[in-house]
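>>> Got a predicted structure here, sequence first:
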Amino acid sequence: MTAGLSSSLITSITLDTATDSKISNINLYSSRAEISRIYKFSVAQGANQLVISNLPDVLQNETLR
């Protein structure tokens, strides 16, 4: 995890899926799998931007929560 401050006073937080998360649950279906991960990180007061790298290429964006 890295955090930095951009020039517009937004704190940027970068997480890597492989090193900054833990798998909490896996559900297998006939045509797909659902993998739940837990990320732990701290945010600064004010605006924060979260960037998560190394997510699967076949990720369905509407399933992110």
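Nice, thanks for sending it over.
>>> drop to CA atoms for contacts and neighbour counts, all remaining ones
OK.
>>> Give me the neighbour count for residue 11.
19 (other Cα atoms under 10 Å).
>>> any idea how far the most centrally placed residue in the chain is from residue 10?
The geometric centre of the chain, computed from its C-alpha atoms, lies nearest to residue 52 (Cα atoms, centre = their mean), at 4.1 Å. Distance of residue 52 to residue 10, given as Cα to Cα, to the nearest Å: 16 Å.
>>> try residue 62
Distance of residue 62 to residue 10, computed by Cα to Cα: 25 Å.
>>> Between those two, which is the more surrounded one?
A direct count of neighbours by other Cα under 10 Å for residue 62 and residue 10 places residue 10 higher, at 15 against 6.
>>> OK, contacts around the more buried one?
Counting by Cα atoms under 8 Å, 6 or more residues apart in numbering, residue 10 touches 46, 47, 48, 49.
>>> Check it and give its pLDDT.
pLDDT recorded at residue 10 is 89.
>>> Same check on residue 45?
Reported pLDDT at residue 45 in the predicted model: 89.
>>> which element is the nearest residue to residue 33 once chain neighbours are set aside on?
Computed as Cα to Cα, 6 or more residues apart in numbering, the closest residue to residue 33 that is not its neighbour in sequence is residue 27, at 5.7 Å. Using DSSP states H and E, residue 27 falls within strand 21-28.
>>> what helices or strands is that strand leaning on?
Identification of packing neighbours for strand 21-28 by 3 or more Cα pairs under 8 Å, 6 or more residues apart in numbering; DSSP states H and E yields strand 33-39.
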